[in-house]
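Novice: how would this look folded up:
(chains A, B, C and D)
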4 protein chains.
Amino acid sequence: MEFAYDSRTVELRDKLSEFMDSHIYPAEAVFERELAGLDNRWAWDSSPTLHRLRGEARRRGLRNLFLPGENGAGLTNLQYAPLAEIAGRSPHLAPAVLNCAAPDTGNMEVLSLFGTPEQKARWLQPLLAGEIRSSFAMTEPEVASSDATNISTSIQRDGDDFVINGRKWWITGAMNPNAKIFIVMGKTEPDAERHRQQSMVLVPRDTPGVRVERAMHLLGYDDHEHGGHAELFFDEVRVPAANIISAEGDGFAIAQARLGPGRIHHCMRSIGLAERAPQLLCARADARVAFGKALSEQGVIRNWIAESRVKIDQLRLLTLKAAWNMDVNGNKAAHSDIQAIKIATPATVQWILDKAIQTHGAGGL
Amino acid sequence: MEFAYDSRTVELRDKLSEFMDSHIYPAEAVFERELAGLDNRWAWDSSPTLHRLRGEARRRGLRNLFLPGENGAGLTNLQYAPLAEIAGRSPHLAPAVLNCAAPDTGNMEVLSLFGTPEQKARWLQPLLAGEIRSSFAMTEPEVASSDATNISTSIQRDGDDFVINGRKWWITGAMNPNAKIFIVMGKTEPDAERHRQQSMVLVPRDTPGVRVERAMHLLGYDDHEHGGHAELFFDEVRVPAANIISAEGDGFAIAQARLGPGRIHHCMRSIGLAERAPQLLCARADARVAFGKALSEQGVIRNWIAESRVKIDQLRLLTLKAAWNMDVNGNKAAHSDIQAIKIATPATVQWILDKAIQTHGAGGL
Amino acid sequence: MEFAYDSRTVELRDKLSEFMDSHIYPAEAVFERELAGLDNRWAWDSSPTLHRLRGEARRRGLRNLFLPGENGAGLTNLQYAPLAEIAGRSPHLAPAVLNCAAPDTGNMEVLSLFGTPEQKARWLQPLLAGEIRSSFAMTEPEVASSDATNISTSIQRDGDDFVINGRKWWITGAMNPNAKIFIVMGKTEPDAERHRQQSMVLVPRDTPGVRVERAMHLLGYDDHEHGGHAELFFDEVRVPAANIISAEGDGFAIAQARLGPGRIHHCMRSIGLAERAPQLLCARADARVAFGKALSEQGVIRNWIAESRVKIDQLRLLTLKAAWNMDVNGNKAAHSDIQAIKIATPATVQWILDKAIQTHGAGGL
Amino acid sequence: MEFAYDSRTVELRDKLSEFMDSHIYPAEAVFERELAGLDNRWAWDSSPTLHRLRGEARRRGLRNLFLPGENGAGLTNLQYAPLAEIAGRSPHLAPAVLNCAAPDTGNMEVLSLFGTPEQKARWLQPLLAGEIRSSFAMTEPEVASSDATNISTSIQRDGDDFVINGRKWWITGAMNPNAKIFIVMGKTEPDAERHRQQSMVLVPRDTPGVRVERAMHLLGYDDHEHGGHAELFFDEVRVPAANIISAEGDGFAIAQARLGPGRIHHCMRSIGLAERAPQLLCARADARVAFGKALSEQGVIRNWIAESRVKIDQLRLLTLKAAWNMDVNGNKAAHSDIQAIKIATPATVQWILDKAIQTHGAGGL
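Specialist: Next up, the predicted model:
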């Protein structure tokens, strides 16, 4: 359980921090303006700034850091954690520039682990190159999808094809026309054992019968910076049998394998965001005067700052422990640790961001 | 401290509940669709459904219930409380139909209490009739506006006119082109005693020098259903001296007078919303199955329901006590009670709504 | 739902407040010293101060205020609420002086409602006169006693007697040798319908086979000021059949009837205590200097004071609503309201007392 | 930041765990009974069981593990952390047997770091051997002692002596007649710079003028298992000038040096206790049935278990980080980390213990 950074992490961390300071933070406002001016609100990866910065990240060797193994940077979870955290400080721009943004990261992992050579050549390579984007179509409106055995989309074998029928929603990234490929989870064998009923198939966006119904809002946000969240209909959608990932009945296992890294990446990025918030809070609290003294002299604000510090430190250490456990004992053995950070992170980060918003008054909104 | 409803309240409550069931709830979805189809996103009060329902509310004697005294329905705060709560259950539509929506309510109160006969004829009457809308321009970006003595907009006497210069933001309703009149708070006498520096003047929207700069977002929402929140610039804006409300130096006192009823109305409506949330939660918890049993059989969900009930009951009683205190002892004497509901209501209602959202899963967003 | 005090309540409240100021508060320290000097630690009602003050309370007509009907003061729950709250400010001394202390209050209610004339003459009269004390023996160590159907003590009819066998614990007041009578809950008909198996019998303390095993501690306290909490054994204890309360099989229903008033009295007294705590907190915060300024100038302390005020007001109103509901619609109809105050009161009062303790530093312990 | 146990820690941990299982846990109840039977309630270290187990601990090389440097076991904070945690699972007995109990640990550290050879021979050696006990007399009733500059006890030089006058309270361990030596903090130079006014002197218990006034209670507990908490008076107490620790004016600096390790040891032991609580909770939840199913099947209980796990893991990691920081960068550099665990530990452990108590029902008290 050595949490100190090794030499490769230190080197990448220094390079990444320098890149954030010199390229990412200064470009945040420009990027938002470019997105606001798009003809297609969802085609965020057509932003010129994004393209420019991606090139720069490529030259600096800062892309695909999330991906273990030979297809990616080959980092351990513990090595990647502090890098993901830094990227999370600029959540709209940095992960995209670094090609480390969800849901592509999870999809690339699935293809890297379970894809055939043909699937890798056709979809993984352009994803790694940042040329296309992808979505992961699991959640359904009619059933409690947190219990994946509830999934009701049907994937039926018909000769050399699979035929897909179903309705999905909250499919992140799918509003972006450049999300060229969907990984669709459904049931191939509804009568099999509970965790062997599901399969995953690759469905190109332009396949007949695929319909992008509407964009969804998460509270007030449409998250167009990530390609939004779409409701999708699959109506007699036909793909070749070779589009299956791994094999029929492997869907539940692949989903579980995908979830572990996906969850810890979210946590790492959230911690980065949580770290940026009190920095902004402190600057504001020093600059703003109310009722005769600076906010930073008010006891309640000082208490928020101290509590934020204590909470972030605990959260980061818990996440590093999960990363270490995944590296050493595997994702399955680290199951409880991954659940722990999924419980702790959203509640903690929400608390911290709320305090930063409150300290900014109306401007914090 | 008699919290039971008197006969007039019971009668209005029955009429209002019937109107909600027969007209408001069935029209909610239609209203949202009409707003989505508007050419001018902010011109929400041009919705045909709204017009139709307003006429119906007028026929039933259900308009302007918020306004005490002869100009309005003449209800006490305690009489109005359960009515505002019912309206709050449909927060986008009902208050607008009933002509009981912020910020017009507070502005009508100010005009009713402090307006000259000319000001009442020109602005209060069309507001009471629902023909125009209004905004209240106090908050400024450069200063902590929760401390109203910080206000920096200048209002200078120049012959028979006042000349206004300043910048305001978060001015609710001002994006709506039908918000024809702004009450603007600024400083007429910067060297006077701390609470006598401020004045309020009436500034018609179409006065030269008034500029509506942009719409603001509250978290992800632009609140176009209420006319949004605008950033406004006042650049050498000139209005006749007769547009002063009350007298020079009275601004702070008027703002305080306006705040009490404004705050309690918000609390009442929020309680209505908080009451609707667990109803939806319970229906969902009965209908949804996860991990082998209905959500309503899960202990954590049951605990949320019980806690919601306990919290709402306490909150309502505290709000009724504040209303009673305002009625009997006046807004100033009830100052601490109004502060208490302002502390308790947002935190409590947020907790309750969060639980209802969680129980709905992704659909809750 | 008229929460204002009627004339009788106002009169009793004034008399009681005067009595607290002139007699109770000044005697608190003396009473504690007398208890510390007792030969029998548990015989708290032999304190001379207690006897003296009881006489004074009797002369002033301030005893047995809790008891509705002709046997007691005949107050409603709403009338009694503010009086119980005042008594609760001095929890060790005032309820005992006023003969309004648990568990005697509940036991007197049971006897008053369900006792035969003989039972009333033998036990209720000396209890009302404060000559003896009593205990209520329900909770058992081997079963989850919050689910009263779990009770395992057996009460078997044998000719003209009942024979009792069982073990009870947390029997409040039973360490006091002057607790002359126990109301014992057990099962007379284990095979009857679930809520008709239980009965209650009167067991005089000196009946052969009754054994007071040991005093129990509640966290660090033995609560000798209330007669402690005893573990009791009943070994072939024989009492006449006439000692049954009401009838065989009525035990569960009587327990439910007893619980409602018992719970609300506890809540009322707790609110009185919660009201005294911030008074002490404020005095301390003004008097104590740390890190260069009075505690009352520290934002966190000021926040505690405001939150305490908001929480107490909500709690009192909820309790008054439950009292009103019990008065108007009966204890059964008010069941949910009584549950609500049982949920809200301990958690809220604990929060408030904790803040008062913290503000007193080590002295607060 | 390597948190994994090194070989020495693993070895000691195994030995200590074995000792806990074979000797400590089985002796807990015996020890409590022996204490209950003492003539002098406070002379806890005269327990025969304690003496027997101490001999056994000495034979196994498990004593004084807390003390770095040549006088003790020479462990780092990171090495000691898991051992202190194990000892904390049996908080009354294990630390005493292992000679790792507060306040002796801090006092031995002070003597080890700052004592003269004579002071070490006279007081440190018998403390290390467990022959005598000690107290640390800093807190005073009249001032906010958390701000150590407030201390008001006077220590005046008079020829070859110091003369001490003052009143102390909450002096842990001082009720034990075997607490033979007090380290007393007071002011030697009230006019010096703020942090140079204080000094510490060694005052043998039997010095004329030392008066042990009374035992204090912490909530209901007198903590006689640790020698209680005493109020002490020092009235013209005269000790030789050679009893000064370090030099005049060094008192504040020594107190700060003492606090760091003292605080982290408390945290480590508390985590051990927090780890034992959910074990007991789970066992109880499986064994107890209420309202038709085992407590361990109730969602709220399951939620408590999960949250306890998540909270403990975060707390332990934060404490290990502080230990690591102290080892590598020194106590002063680790100041913020030590503050962080002091903020997080009591609140977290209280939450966890409360849930374990609740799950045990009345038996949990």
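
Novice: what sits against the residue nearest the centre of chain A?
Specialist: In chain A, the centroid-proximal residue (Cα atoms, centre = their mean) is residue A:102; its distance is 2.5 Å. Under the criterion of Cβ atoms under 8 Å, 6 or more residues apart in numbering or on different chains, the contact list for residue A:102 reads A:95, A:172, A:226, A:262, A:265, A:266. Any C-beta I mention is one placed from the backbone N, CA and C, and that applies to glycine too.

Novice: check residue A:65 too.
Specialist: Contact analysis of residue A:65 by Cβ under 8 Å, 6+ apart lists A:12, A:72, A:73, A:75, A:80, A:83, A:84, A:98, A:100.

Novice: same thing with residue A:294?
Specialist: A:285, A:286, A:287, A:288.

Novice: so which bits of the longest helix along chain A are buried?
Specialist: In chain A, with assignment by DSSP state H, the single longest helix is helix A:251-287. Across helix A:251-287, burial judged by 16 or more other Cβ atoms under 10 Å in any protein chain shown covers A:251-252, A:254-255, A:257-278, A:281-282, A:284-285.

Novice: again, but for stretch A:112-127
Specialist: Across stretch A:112-127, burial judged by 16+ other Cβ under 10 Å covers A:112, A:114, A:115, A:119, A:120, A:122, A:123, A:124, A:127.

Novice: dump the contacts of residue A:65 into TSV; add secondary structure as well.
Specialist: Converted to TSV, those look like this (DSSP: H, G, I helix; E, B strand; the rest coil):
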residue	secondary structure
A:12	helix
A:72	coil
A:73	coil
A:75	coil
A:80	helix
A:83	helix
A:84	helix
A:98	coil
A:100	coil
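
Novice: export those residues to JSON lines and tack on distance to residue C:244 and pLDDT?
Specialist: JSON lines is the format used below for the contacts of residue A:65 (distance: Cβ to Cβ, whole Å; pLDDT from 0 to 100):
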{"residue": "A:12", "distance to residue C:244": "82", "pLDDT": "97"}
{"residue": "A:72", "distance to residue C:244": "80", "pLDDT": "86"}
{"residue": "A:73", "distance to residue C:244": "81", "pLDDT": "90"}
{"residue": "A:75", "distance to residue C:244": "78", "pLDDT": "95"}
{"residue": "A:80", "distance to residue C:244": "74", "pLDDT": "95"}
{"residue": "A:83", "distance to residue C:244": "77", "pLDDT": "96"}
{"residue": "A:84", "distance to residue C:244": "72", "pLDDT": "96"}
{"residue": "A:98", "distance to residue C:244": "80", "pLDDT": "97"}
{"residue": "A:100", "distance to residue C:244": "76", "pLDDT": "95"}
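
Novice: restricting to the residues you listed, which residues neighbour chain B?
Specialist: Among the contacts of residue A:65, no residue sits close to chain B (Cβ under 8 Å from any Cβ of the partner chain).

Novice: and which of the residues you listed is nearest residue A:192?
Specialist: Looking at those and their distance to residue A:192, the nearest is residue A:72, at 33.2 Å (Cβ to Cβ).

Novice: chain neighbours aside, what residue packs nearest to the closest one?
Specialist: Closest residue to residue A:72 apart from its sequence neighbours, by Cβ to Cβ, 6 or more residues apart in numbering or on different chains: residue A:64 at 4.5 Å.

Novice: ok, the one you found touching residue A:129?
Specialist: No - the criterion here is Cβ atoms under 8 Å, and residue A:64 misses it with residue A:129 at 9.3 Å.

Novice: the two: which is more packed in?
Specialist: residue A:64 (23 against 13; other Cβ atoms under 10 Å in any protein chain shown).

Novice: against residue A:266, how distant is that one?
Specialist: Residue A:64 sits 18 Å away from residue A:266, going by Cβ to Cβ, to the nearest Å.
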